[in-house]
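Chemist: Next input, structure requested:
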Amino acid sequence: MFYRFLPAESMIVNYVPEGWQIIYQQAHALLAAQLLHQWPASLLPPDQWVGLLGAAAQHDDEQPTWTGHYGLTPAGAPANFTMQPFSLEQATGVLRAARFQGRWRSLLTSLHLSTLYEELRGQGKAIDTFLDEQKASQQQWRRELKLKKADTDRAYALLHWCDRLSLILCRHEIPEMGRALEIYQGPNGHTHTVSQPTPDGPLHVSPWPFRQPQFEVSVEVSTLNQLQFTSDPELSDALNTAPISTLRWEFEK
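Modeler: A predicted model of the protein is given here:
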């Protein structure tokens, strides 16, 4: 069940020894694009590859107009993005922005929105209408671009794969003791796993899908030492003055 907030800036919130670690959704999306950049670009024609990179980097943009509201839980903690309700305004804003970059970019973004929100079908007329519009638009764009559904599904699977691995990293979900965690099924049909065989050592992905045998990705984080807040302005002020650091992950074949 979602907490019922007003539209708010989405954040990934982790509890760490220092307090709350905050990663903005847009930063998570940029991390997904970094991961995508490590896949072989030969998987798609150059124009489609660049469009896929754009979709990965911008799939969490177009947040509602900022009014100083980030969202607090009933206990006064910063609200994790999973606690935020579906925002039709944000979803339509993402799609609207994508349309200015062309039909391929729009198709990828629409497929992502369908994947995220199809489970909400039946919860409201506006949501159902939005979901129906996505399916109709996807068919139209595939027809106009002369693309097979199987090919577009493979391209989107790669975007979803990178989005999923970015979330695993940002939410500190890598299992301990070298255990492997399933990421998602890649465009080649293989189901990949990620693990960290040694503490603080490089991450391994199996089977290895990347161009290089070794690379590094990163994301910026803000750290809040205060655990509880009485209002959005108090949280906003703390975020604006919070120290910023960079999390880095090394991947090795």
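
Chemist: where does the stretch 1-150 of the chain have low pLDDT?
Modeler: For the stretch 1-150 of the chain, the stretches with pLDDT under 70 are 1-9, 59-70, 84-85.

Chemist: Now do the strands in it.
Modeler: For the stretch 1-150 of the chain, the strands defined by DSSP state E, counting those that start in this stretch occupy 11-16, 19-24.

Chemist: Of the ones you listed, which is nearest residue 190?
Modeler: strand 11-16 (27.0 Å; CB to CB). C-betas here are computed from N, CA, C, even on glycine.

Chemist: buried ones in the closest one?
Modeler: Within strand 11-16, the residues that count as buried by 16 or more other CB atoms under 10 Å are 11, 12, 13, 14.

Chemist: What is the nearest of those to residue 100?
Modeler: residue 11 (26.5 Å).

Chemist: coming back round to it: could you dump the buried residues of strand 11-16 into JSON lines with distance to residue 220 added?
Modeler: Formatted as JSON lines, the buried residues of strand 11-16 follow (distance: CB to CB, whole Å):
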{"residue": "11", "distance to residue 220": "12"}
{"residue": "12", "distance to residue 220": "12"}
{"residue": "13", "distance to residue 220": "15"}
{"residue": "14", "distance to residue 220": "14"}
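
Chemist: Return the member of those residues nearest to residue 146.
Modeler: Nearest member of the buried residues of strand 11-16 to residue 146, counting by CB to CB, is residue 12, at 38.4 Å.

Chemist: From residue 27, how far out is that closest one?
Modeler: 8 Å (CB to CB, to the nearest Å).

Chemist: And for residue 152?
Modeler: The value you get for residue 152 to residue 27, if CB to CB is used, is 27 Å.

Chemist: And for residue 58?
Modeler: Residue 58 sits 12 Å away from residue 27, going by CB to CB.

Chemist: now do residue 193
Modeler: In terms of CB to CB, residue 193 sits 25 Å off from residue 27.

Chemist: cool, and residue 17?
Modeler: Taken as CB to CB, the span from residue 17 to residue 27 is 21 Å.

Chemist: follow-up on the earlier one: more crowded one of residue 193 and residue 27?
Modeler: residue 27 (20 against 15; other CB atoms under 10 Å).

Chemist: quick one: contacts for the more buried one?
Modeler: By CB atoms under 8 Å, 6 or more residues apart in numbering, residue 27 lies in contact with 219, 220, 221.

Chemist: what's the answer for residue 214, then?
Modeler: 202, 250, 251, 252, 253.

Chemist: wait, the first one sits on residue 250?
Modeler: To tie it back to what came earlier, the one meant is residue 202. Yes: counting by CB atoms under 8 Å, residue 250 is a contact partner of residue 202 at 4.3 Å.

Chemist: What residues of the host helix or strand of residue 152 count as buried?
Modeler: When elements are assigned from DSSP states H and E, residue 152 belongs to helix 149-170. Of the residues in helix 149-170, 152, 154-170 count as buried by neighbour count, 16+ other CB under 10 Å.

Chemist: Toward the C-terminus, what is the element adjacent to it?
Modeler: From helix 149-170, the next helix or strand downstream (DSSP H and E) is strand 181-185.
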